[in-house]
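Undergrad: Below are the sequence and a predicted model for it; my questions follow.
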Amino acid sequence: MSNITVEKMDVLAYTVTGAERLDPVRVMIENYEPGKGRITVTCYGRAWTGAWFAMGGDTVQDFIKRVSNDYLIGCLAPRLESTIDDDNEANLNFVKQQIIKLRQEREIEAYEAREMWAEAENADDVKANCCDFLVGEKLLNLFGDDPWYAGWPKVPNHEYQYLERVLNAMREGLNELERAVMSANLKEWLQQTIAELEEERDAVPGVVNEDAVMALEAMKIALASLLYGKAEQTNYRAIVERIAEIVHGKVTDIDLLTVTVKSMKDKLQK
């Protein structure tokens, strides 16, 4: 019998469809333990994967939120550059401008400028003529000792832009999942809290606390919006912050829901 070990893992997997100019984007996130995890993204038969083992205690989801697409692309496709060399025509114009500049500054003689100009116009790959000793002649002296780093014309890399769109779709999918969870959690919290507050209110009949009444009504309106409105148009953070503002007199952190509830109960009992 083999000595293999099988370990069940907590994996978040989802698919994003309908993203502009993209096939379905499939995402699999593995959180090994706090601060360690992996992500794999696939689209149209292509796959990108990256793993991190020092995320400061974050989950992969939280880590993705706080880093840029540039950083993620550097991890998922380390050889992919955001720009690539422009075509030979752009390079030819670049070379001609340099010839004119050197001639105006009298760095080269007129005959040298003519020879360089002629070589540039007849070159199939003018950059190679400037940089490759097996190809170039007069143009080898045009940009000094490091012609490869002369600031040659660049254009955006379509492959890089494609992966950016994939990552944007991945982020939007993650946001939608979190909004759905927040919606469900907020519905449950509102239903439970409204019931508790009404029970507290009914336990002390005849006592009216205007702030608490206003907050309770705000919760009922928020719950109705979640139950019967369009979820994608609901600003959950704004709902909770408004309730907290009524209770505390200022906007508090959305994570302080239990503090908000306790404060409202105290107000009802006064």
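TA: Happy to help now that I have it.

Undergrad: The nearest residue to residue 19 once chain neighbours are set aside and residue 161, how far apart?
TA: Nearest residue to residue 19 in three dimensions, chain neighbours excluded: residue 169, at 3.9 Å (C-beta to C-beta, 6 or more residues apart in numbering). C-betas here are computed from N, CA, C, even on glycine. According to C-beta to C-beta, to the nearest Å, residue 169 and residue 161 sit 13 Å apart.

Undergrad: neighbour count winner among these two?
TA: Comparing residue 169 with residue 161 by neighbour count (other C-beta atoms under 10 Å), the higher total belongs to residue 169, at 22 against 11.

Undergrad: So that one is in contact with residue 22, correct?
TA: Yes - assessed by C-beta atoms under 8 Å, residue 169 is found in contact with residue 22 at 5.8 Å.

Undergrad: re the thing from before, I'd like to know how far the residue nearest to residue 19 sits from residue 25.
TA: Using C-beta to C-beta, we find residue 169 at a distance of 5 Å from residue 25.

Undergrad: anything in contact with each of these two?
TA: Common neighbours of residue 169 and residue 25, counting by C-beta atoms under 8 Å, 6 or more residues apart in numbering, are 16, 19.

Undergrad: about what we covered before: by contact count, what packs against the helix or strand where the residue nearest to residue 19 lies?
TA: Assigned by DSSP states H and E, residue 169 belongs to helix 158-203. Here helix 158-203 touches strand 11-16, strand 25-33, strand 36-43, helix 60-66, helix 69-76, helix 210-228, helix 236-248, helix 257-269, going by 3 or more C-beta pairs under 8 Å, 6 or more residues apart in numbering; DSSP states H and E.

Undergrad: Go ahead and name everything in contact with the first one.
TA: In this structure, residues lying in contact with strand 11-16 by C-beta under 8 Å, 6+ apart are 24-31, 61, 169-170, 172-174, 177.

Undergrad: what are the phi and psi angles of residue 50?
TA: Main-chain dihedrals, residue 50, degrees, to the nearest 10: phi -150, psi 150.

Undergrad: re the thing from before, what sits against the residue nearest to residue 19?
TA: Listed by C-beta under 8 Å, 6+ apart, the contact set of residue 169 reads 16, 19, 22, 25.

Undergrad: what is the rounded mean pLDDT of stretch 219-238?
TA: Computed over stretch 219-238, the mean pLDDT rounds to 65.

Undergrad: rewinding a little: hey, least reliable of the helices and strands packed on helix 158-203 by pLDDT?
TA: Of all these, mean pLDDT reaches its minimum on helix 257-269 (a mean of 52).
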